Structures are given as C-alpha cells and as structure tokens.
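In: With the input below, show me the fold.
(one chain, ligands or ions: 1)
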Amino acid sequence: MVAESVVVHVEKLKAKLREYNYRYYVLESPSVSDAEYDRILCELQNLENKYPELIAADSPTQRVGAEPLKAFQEVQHKVPMLSLQNAFNEDELIAFDKRVMERLDLVDEAQYVCEPKFDGVSISLRYEQGVLVQAATRGDGAVGEDITQNAKTIAAIPLHLRGDNIPEVVEVRGEVYIPLAGFEKYNIEAAKRGEKVFVNPRNAASGSLRQLDSKITAERPLNIFCYAVGELVGIDLPESHYEILQLLIHWGMRVNPDIKVVTGITECTQYYNEMMIKRNSLPYEIDGVVYKVNNLAQQQELGFVSRAPRWAVAHKFPAQEEYTKVLAVEFQVGRTGALTPVARLEPVFVGGATISNATLHNIDEVQRKDVRVGDTVVIRRAGDVIPEVVSAVVEQRPEGTRPVELPKKCPVCGSDVVRGEDAAVARCSGGLYCNAQRKESIKHFASKTAMDIDGLGDKIVEQLVDEKIIEHVPDLYKLELSAIANLERMGEKSAQNLLVAIEESKNTTLPKFLYALGIREIGIATAKNLAQYYGELEKIIAANIEELQEVPDVGPVVALYLAAFFRQQHNLEMIDKLRQSGVHWPAIKVQSKDLPLSGKTFVLTGTLTQMTREEAKEKLEAQGAKITSSVSKNTSYVVVGSDPGSKYDKAQKLGVEILSEDDLIELLNP
Ligand code: D41
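Out: Numbers count the residues shown, from 1 in each chain. Have a look, this model is predicted:
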C-alpha cells in the first residue's frame, strides 16, 4: 500500500503539470519557467518510478510511451466522421445557402458558424470520464486507425479534461497540423541529415501521425484545433454548434480564436474575404473556410447525403495555378467504360507537388476549352483534388495543331465508343471484353471497402490480366501459388500472403459484396441500405424497379442500374461462381416491412405545434414511412404545419394529398 499522503502529493503534482501545460500549449501564455516545469515533472517521475502502481494513463509522464507498434489497429468510429462538401466559388456557395433555407423552410436568414479550414489531418479523441482513452484517424469516416500513442505526444491535446460538466463519454473531432515555422525548421534539419523532406505541412502532419514509433511523432511540432464532437454520453447537447465549441474550450481543448457566428450568406462571404487577407499572416496553413448551420435542431433536420452533412460546406480559397505544355491527350478507360481524356504534361510544380498529368473530365469539356496537343495551358490543383486543365492559352498556340477528337474505337480493346444522346460521357462498348474495364472492376472488387484483399494492388492486377493469368473476378479464387510467385516484384512470401488474403476475403458481408460487384452508382452507403432492407441477395436480385425505390436513398436511376445489372446473365453467373468458390456472408435481420405506412412517402413542411418535426419524422419512420425533402408526384402525403413554405404550393399544384397536424396525429394513432 502506498501511503495516502504520497497519493495526494502525486495528484497535486499532476494537477499542477496539467495546469502549466494547458496555459503553455492551449492558452499559449506560459505561467511558469521551463525549469520549474521540468523540476515538477522530474519529481513526479521519481515518485512514479518508486510506486509504479500510481502511474495512470493520463499522467503527464505518459505522453511518450511504450514500445513501437507493429501495426495500427482499426477503430470503428461510434459516430461516423462525416466529410465536407466543397464550394469552389460564390455561385456554389449561394446554391448551398438556398438549399439550406429551402429545406428548413426558412423565411429569415440562417445563422452560420464560420471557421477557418485547417489543412491538416482529421482525428477523433475519445474521452471516458474525462480521460483520453483513444485517438483515431478519420480513415474512410467509418473506420480509422488507432493512433492513441501518437496523439498523446501532442502537448495541446489534454490527457485529462478540465472544468466541470464532464461527460461519461465524449469524442472530440479536430484537425492535427504542423505550424509553418515548425514545418520549415523540420525540413531544413531533415535535409541536413540527408533525409526525405516533406512537400507540404499537411503531408508532414499526416506522416508524423502515422509513425509506428511514437518517439518519432514526439519530435514533430504537431498541434491541434478542435471543431466538433462525435459521440456524447451523459450530458445533453447544447442548442448550437457555437455552444459546443464553448464547451470544448471549457474542457481545455484548443479551439481556433478566429471562429465567428454570422447571420446569412452575405456575412459568410465577408468572413471569407477577411480570412483570405488574414491567411498570409497566420502561423499555419488554411485552404479555405467552413460554414456550419449553428442551430443543432436545424442541423438534424437537414441531415446528410452520402457522407457529408447538408448543413456544412467548405468554401475553398482559389486553387493554385501554373502554366505548362500539353505533350499528349490520352483517353483512360474506367470501370464502367467511361473514357476520360487526360492531358500528359511537361512536369510543373503546382501547390506543393509536381504534376505531369491532369484530367480534362470529358470530351465535351476538351472541345469547349479547345485544349490541343502542343498548347500552353493553365493547370489548377486544389487541395487533394485531381489536377485539372483550366484553359488553353490560345495566343501561344503553335501552328499546325488540331482539335482533339473522341476516338471512334476504345484505345484499349478496339470496341466501338458510344455516346448516349445527351450524355457527356463517352463509353467503350466492350464491357468485360475490354481489358481496361476488367482490370478496373477487379481493382474495385479487391479494394478495402469492397472485398478488402490486402496485397492485391493495382500493379499486380494489371500484370495478372495482361499475362492472362486471370480474366474475370471469380478467377481470383482459383489462383495458385506458382502462377503469382513469378510476377514482377512478388516473392514467394508475399505470394503466399496474397493467397491467404484472397482466402480470407471469402468471409465478407452482404453490403461489401454488393458494393464489390461494381454496379453503377452503388456506393457502400447504398449497398448497406439495400442489404438492410432486403436481408438477402436473392431478394435484391428479384426486386423490380418500383420495389427497389422503396429502399432509402434509392431513386429511379439507381434502381434502373441495379435491375439492369441483375438482368444480365453473365453477372448472375459471376455471382454464382463466387459463391461456389466459398464467398459467403452472415445473415442480416431485416426490419419488418409490413408496417402500416410501408411504401408511403411523406414530406413535412411548416412548424408543428404538438411535436417537433424530428419527432414526427421518427414516428412516421417507425411505422415504415419514408421521409423525403422535396415534393414530387411520387409523394404520398405532404404534412403542413403553420407558416408552410413553397412545398405546400408545390403539393397543391401536383395534387398531392395534404395532411394537417391533426390528420397526422390521427394517422399515427388510429
Ligand atoms: O478545419 C477543418 N479542416 C475542418 C474540418 C473544420 N473546421 N470543420 C470540420 N467539420 C466537419 C463536420 C462538419 C463534418 C463536423 C471539418 C470536417 N468535418 C472534416 N475534415 C475532414 C473531413 C471532414
């Protein structure tokens, strides 16, 4: 037993260090000298050495810890980390605000929180009873990597929350970044040591967080700004996003001082202009600003599409641009046969990276911009987005150039190239005869979100197809060691590992399998909805176009693609072959479909008095109804509260049945 006086003293030392640390790194106004801080840390260290049972995970001595990891563990985010939709210009921004106002049926302008957009790495910090227990990268938003050891080395991240009203669980979301000064200093020193330098601060932050040895991370000048909460248990959410940020500040998290609440989109644009000027004097990089609807009830009502909230938008600063020459224009063939024109360029340094290819999107775009081989062009690179050709400098065009034409035959397989009447996209009609389409569909099948075949990278797939070792997806499950061990850059060991990964991929889930099939417009979110709704693949295959549209998020176009895919004999044969090879998934329990309002679609407009719109939505959904935001002729009922918006007029125009709040209550409680 350790004497109580020692326990109390250790707690006092820890509290002191926590306070000093907070003042230094979060408030950036130190309250003691470095020597004093070190003295207390040393005293604590000595006591912990003597009484190891007193070492707690949140002790300031535990920031750099333990042995290097072998690999990062996966972390399933309890609340998904959503992504942000982008607005690249004022028109897109105005459209965003208009959608917000329409969906909320607002007459007055919406209130927005404006935040700088830090160019770093998004992470999630999980605190239980106020103690940091886990840090994770965003990953794909659903699953990230456990970087707890590395996050603990960041001094601005509290190991222990301050203040009162500490929740049982809170996940704090923020952006880890490297200040410009730290980035430059690090690169100068790395260059002196003859080591690799980072191209930009974001890569530096990302590379530093992804070190298996936290001692290396500890040497990097990482910092954080927090901007949201994920899971929250034990206390009620406040009413606004701004109040959440105040709570974070209260708990000792670092929140950016340039965050502001404004009313209406005009004030957002003013903020944007202010930050654009301020940007150059900030000690860290920002690549735009973010606007978020402040009111949380409104956020909830807006919800999200795919994985981005409808209530937030990133307003990007203009991208960096540079001039270079077009050496060639080639057409790449994608998984669905779409031909994408790509400009091969004289290499040029834009926005922190050397670019030698840029997309031209589609043939209409090429002809509209009239980009020709030999032209000098403007190249734009915005953040992570694929570089694009903005325009050609016609004044500098050499003689004898010709407009780029769409090839009549697929450059890969020679099949006819076809274009629908109004489709901007031209496609190779070769289907799975086309090597390019087959390669892309196999890559997609093997990808992490799909069957997750570790080690089956793009280069390997290309070799396997080019050397005719495999032709179609099901052939993957017939691969033998001898066939793959001879591939370039493939040793016996990695060949064996690949076979194991292929074998393990057989154990999958229905959503992953559905997504892996590569049906047009079927992302993982839609695949999950389909799986949840039908429970069995056979039922999805058997469903007709109308039935498919009962699934959340499935509209007429997606339903058509699904039905078309499952009508093709060769696709059904492929599915059979895969299942015969042993691909399987656990059964899914479906929510009952025989509810009173199954198959009915509702739109809610105006203010309800006896329940909130959210409650109405939940009650309707519990009875099987689907709630959508816009009125169409497929809408079954429009529920009209007081001060209804334009949706009411539209319902009348289309002759959709209109329900009052009382009618709704009657319907819910017959
Ligand atoms: O500064 C940022 N990079 C930033 C990113 C920010 N200030 N706010 C953000 N808010 C969100 C939501 C609205 C989803 C909570 C974000 C991000 N998301 C984000 N960053 C990367 C993916 C999403």
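
In: Wait, a strand at D258?
Out: No - with DSSP: H, G, I helix; E, B strand; the rest coil as the criterion, D258 is assigned coil and is not in a strand.

In: Regarding the nearest residue to it once chain neighbours are set aside, what are the backbone dihedral angles?
Out: Computed as Cβ to Cβ, 6 or more residues apart in numbering, the closest residue to D258 that is not its neighbour in sequence is P116, at 5.5 Å. To be clear about C-beta, it is placed using only N, CA and C from the backbone, and glycine gets the same treatment. P116 adopts backbone torsions of phi -60, psi 150, taken as degrees, to the nearest 10.

In: Would you check how far apart P116 and the ligand are?
Out: From P116 across to the ligand, the span is 6 Å (Cβ to the nearest ligand atom, to the nearest Å).

In: pretty sure that residue is in contact with N256, am I right?
Out: Yes - with contact defined as Cβ atoms under 8 Å, P116 and N256 form a contacting pair (5.8 Å).

In: Among those two, which residue is more densely surrounded?
Out: Set side by side, P116 and N256 give different neighbour counts by other Cβ atoms under 10 Å, the larger being at P116 (25 against 17).

In: For the more buried one, which residues are in contact?
Out: Applying Cβ atoms under 8 Å, 6 or more residues apart in numbering, one finds that P116 lies in contact with 256, 258-259, 275, 282, 286, 289-290.

In: Of those residues - the most surrounded one?
Out: Ranked by neighbour count under the definition other Cβ under 10 Å, the contacts of P116 are headed by V289 with 26 neighbours.

In: May I have the beta-bridge partners of it?
Out: With DSSP bridges applied, V289 shows beta-bridge pairing to P116, H315.

In: What residues does I265 make contact with?
Out: Applying Cβ under 8 Å, 6+ apart, one finds that I265 lies in contact with 93-94, 96-97, 109-110, 112.

In: Mind doing that once more with 7 Å?
Out: The neighbourhood of I265, defined by Cβ atoms under 7 Å, 6 or more residues apart in numbering, consists of 93-94, 97.

In: Same check on Y284?
Out: The contact partners of Y284, taken as Cβ under 7 Å, 6+ apart, are 118, 177, 179-180.

In: burial of R138, as a residue count?
Out: By the measure other Cβ under 10 Å, the count of residues near R138 is 20.

In: shaky segments in the stretch 101-250 of the chain?
Out: Across the stretch 101-250 of the chain, the stretches falling below the confidence threshold (pLDDT under 70) are 199.

In: Residues of it that sit close to the ligand?
Out: Along the stretch 101-250 of the chain, the residues adjacent to the ligand under the rule Cβ under 6 Å from any ligand atom are 115, 117-118, 122, 138, 173, 175, 227-228.

In: what's the neighbour count on A56?
Out: Here the neighbour count serves as a burial measure; for A56 (other Cβ under 10 Å) it reads 15.

In: would it count as being in a strand?
Out: No - the assignment for A56 by three-state DSSP gives coil, which leaves it out of any strand.

In: Would you mind giving the contacts of P116 as CSV with pLDDT and distance to the ligand added?
Out: Compiled in CSV, the contacts of P116 are given as follows (pLDDT from 0 to 100; distance: Cβ to the nearest ligand atom, whole Å):
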residue, pLDDT, distance to the ligand
N256, 97, 8
D258, 96, 11
I259, 97, 8
M275, 94, 12
L282, 89, 12
I286, 91, 7
V289, 97, 8
V290, 98, 4
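
In: tell me which of those residues is nearest to S356?
Out: I286 (27.7 Å; Cβ to Cβ).

In: wait, that closest one sits on E115?
Out: No - using Cβ atoms under 7 Å, I286 is not in contact with E115; the gap is 9.4 Å.

In: Please convert the buried members of the contacts of Y284 into ChimeraX selection syntax.
Out: Those of the contacts of Y284 that count as buried under 16 or more other Cβ atoms under 10 Å are selected in ChimeraX with:
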select :118,177,179
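
In: Chain neighbours aside, what residue packs nearest to the closest residue to the ligand within the stretch 251-400 of the chain?
Out: Taking Cβ to the nearest ligand atom, the ligand has its nearest neighbour within the stretch 251-400 of the chain at A312, 3.9 Å off. Leaving out its chain neighbours, the residue that sits closest to A312 by Cβ to Cβ, 6+ apart is K292, at 4.4 Å.

In: Contacts only, for that neighbour.
Out: With contacts defined as Cβ under 7 Å, 6+ apart, K292 is in contact with 112-113, 241, 311-312.

In: Buried residues, stretch 167-184. List them.
Out: Neighbour-count burial for stretch 167-184 flags 167, 169-179, 182-183 (criterion: 16+ other Cβ under 10 Å).

In: What's the ChimeraX syntax to select whichever of the contacts of I265 are buried?
Out: Below is the selection syntax for ChimeraX that covers the buried ones among the contacts of I265, with 16+ other Cβ under 10 Å defining burial:
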select :93,97
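
In: With secondary structure and distance to the ligand added, can I get the contacts of I265 in CSV?
Out: CSV is the format used below for these (DSSP: H, G, I helix; E, B strand; the rest coil; distance: Cβ to the nearest ligand atom, whole Å):
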residue, secondary structure, distance to the ligand
L93, helix, 16
I94, helix, 20
D97, helix, 16
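
In: tell me the helices in the stretch 101-250 of the chain, going along the chain?
Out: The residue ranges that make up the helices of the stretch 101-250 of the chain, judged by DSSP state H, counting those that start in this stretch, are 148-152, 180-192, 201-209, 214-218, 241-250.

In: got the contact list for the residue nearest to K443 when sequence neighbours are not counted?
Out: Take K443 and drop its neighbours on the chain: the residue closest to it by Cβ to Cβ, 6+ apart is V461, 5.2 Å away. Contacts here follow Cβ under 7 Å, 6+ apart; on that basis V461 touches 439, 442-443, 446.

In: on that earlier part again, widest-spaced pair of the residues of the stretch 101-250 of the chain next to the ligand?
Out: Farthest apart among these - using Cβ to Cβ - are E115 and R138, which lie 16.8 Å from each other.

In: just checking, L620 touches I627?
Out: Yes - contact criterion Cβ under 7 Å: L620 and I627 qualify, at 6.1 Å.

In: Compare these two (neighbour count), which wins?
Out: More crowded of L620 and I627, by other Cβ under 10 Å: L620, with 22 against 18.

In: helix, strand or coil for that one?
Out: helix.

In: Which of the helices or strands spans the closest residue to it other than its chain neighbours?
Out: Using Cβ to Cβ, 6+ apart and skipping the chain neighbours, the partner closest in space to L620 is F602 (5.5 Å). When elements are assigned from DSSP states H and E, F602 belongs to strand 601-605.

In: separation between the residue nearest to T336 when sequence neighbours are not counted and the ligand?
Out: On the basis of Cβ to Cβ, 6+ apart, the spatially nearest residue to T336 that is not a chain neighbour turns out to be R520, at 5.5 Å. As defined by Cβ to the nearest ligand atom, R520 lies at a distance of 26 Å from the ligand.
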